[in-house]
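Undergrad: I'd like to go over a predicted model; first the sequence, then the structure.
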Amino acid sequence: MSAHDSPAAAFRAAVESSDVAAAVALFAEDCVFHSPVVHAPYTGREALLAILTGVTAVFEDFRYTGEYAGPGGHVLEFACRVGDRDLQGVDILRTAGPDGPITELTVLVRPYSAATALRTRMAELLSGGAPA
């Protein structure tokens, strides 16, 4: 992250360049990830690395389409496909102050049919190929 980038801008740049390691490096060691399809949160960079690596394999034609900031965090709106389903979503980033690190990532997606396809594909990847 350069001195002029916010943690959210650095995260966006890393994701857009498919640099998962750089994206994860922006997070606190004890960061929390809230999945759009799993009830319990994931904690820590190792879990986040596995999830973001899987997402880069599942999301097709990924692009950010909007960006919103406020005192409590930053929201990056995105669009992509999962198989034959168009998906729209947001990454909600919370930081430990204006210069980071990022402490929390919450992902929300729609529509339900695309979220279901995402859940199935991610379960296959994270479990070594067996659908969940």
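TA: That came in fine, so what should we check first? Numbering: from 1, shown residues only.
Undergrad: in stretch 33-50, what's buried?
TA: Of the residues in stretch 33-50, 33, 35-36, 42, 45, 47-50 count as buried by neighbour count, 16 or more other C-beta atoms under 10 Å. (C-beta placed from N, C-alpha, C; glycine too.)
Undergrad: need phi/psi at F11.
TA: Backbone torsions of F11, given as degrees, to the nearest 10, read phi -60, psi -50.
Undergrad: separation between it and D91?
TA: Distance of F11 to D91, given as C-beta to C-beta, to the nearest Å: 8 Å.
Undergrad: for L49, same thing?
TA: On the measure of C-beta to C-beta, L49 and D91 end up 16 Å apart.
Undergrad: my read: V32 touches L93, true?
TA: No: using C-beta atoms under 8 Å, V32 makes no contact with L93, being 11.5 Å away.
Undergrad: of those two, who's got more company?
TA: When neighbours are counted by other C-beta atoms under 10 Å, L93 comes out ahead of the other of V32 and L93, with 23 against 17.
Undergrad: which strand or helix spans that one?
TA: L93 is part of strand 85-95, with elements assigned from DSSP states H and E.
Undergrad: got the buried residues for that strand?
TA: By neighbour count on 16+ other C-beta under 10 Å, the buried set for strand 85-95 is 85, 87, 89-95.
Undergrad: which element follows it toward the C-terminus?
TA: Read in the C-terminal direction, the helix or strand following strand 85-95 is strand 102-110, with elements assigned using DSSP H and E.
Undergrad: pairing partners for that next one, with directions?
TA: The partner list of strand 102-110 in its sheet, established with DSSP bridges, is strand 27-34 (parallel), strand 85-95 (antiparallel).
Undergrad: rewinding a little: what touches both of V32 and L93?
TA: Listed contacts common to V32 and L93 are 104-105; contacts here mean C-beta atoms under 8 Å, 6 or more residues apart in numbering.
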